[in-house]
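Undergrad: when you get a sec, could you give me coordinates for this:
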Amino acid sequence: MYIYQFLQAERKLDKDQLASLSSQRSVQAYLEEEKENITRIIKQMLAVGDIFKSENLQVIIIPGFYVFGSGDNH
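TA: Residues are numbered from 1 along each chain as shown. All right, here's what the predicted structure looks like:
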């Protein structure tokens, strides 16, 4: 259900439609439904951050490119 609402949000919505999607109840229901996925993604992001930190790696973001490198190459 919420995936459908998200896809609808990609299109232009009027104020009433947007208000119904952003109501506290809708947001809370979405968070409860997606809690496991959100938790998994956060844990993955933290793990990647730990790896980058322990290996002294850095990510340089250039529009259109992602450059991964060692923090030693300044």
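
Undergrad: count the neighbours of Ile38 for me.
TA: When neighbours are counted by other CB atoms under 10 Å, Ile38 registers 12. In this view, the C-beta of every residue, glycine as well, is placed from N, C-alpha and C.

Undergrad: Ile60: which element?
TA: strand 57-62 (DSSP states H and E).

Undergrad: pLDDT on that strand, on average?
TA: When pLDDT is averaged over strand 57-62, the result is 80.

Undergrad: export that strand as CSV, just CAs?
TA: Output of strand 57-62 as CSV, limited to C-alpha atoms (Å, rounded to 0.1, in the frame of the first residue of the first chain):
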residue,chain,number,x,y,z
LEU,A,57,39.5,5.1,3.2
GLN,A,58,37.5,8.1,2.0
VAL,A,59,34.8,8.7,-0.6
ILE,A,60,35.1,11.8,-2.8
ILE,A,61,31.8,12.6,-4.5
ILE,A,62,32.0,14.5,-7.7
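
Undergrad: buried residues in it?
TA: Counting neighbours by 16 or more other CB atoms under 10 Å, one finds that strand 57-62 has no buried residues.

Undergrad: please begin residue numbering at 13 from this point
TA: Noted, 13 is the first residue going forward, which turns the last one into strand 69-74.

Undergrad: many thanks, I have nothing further to ask.
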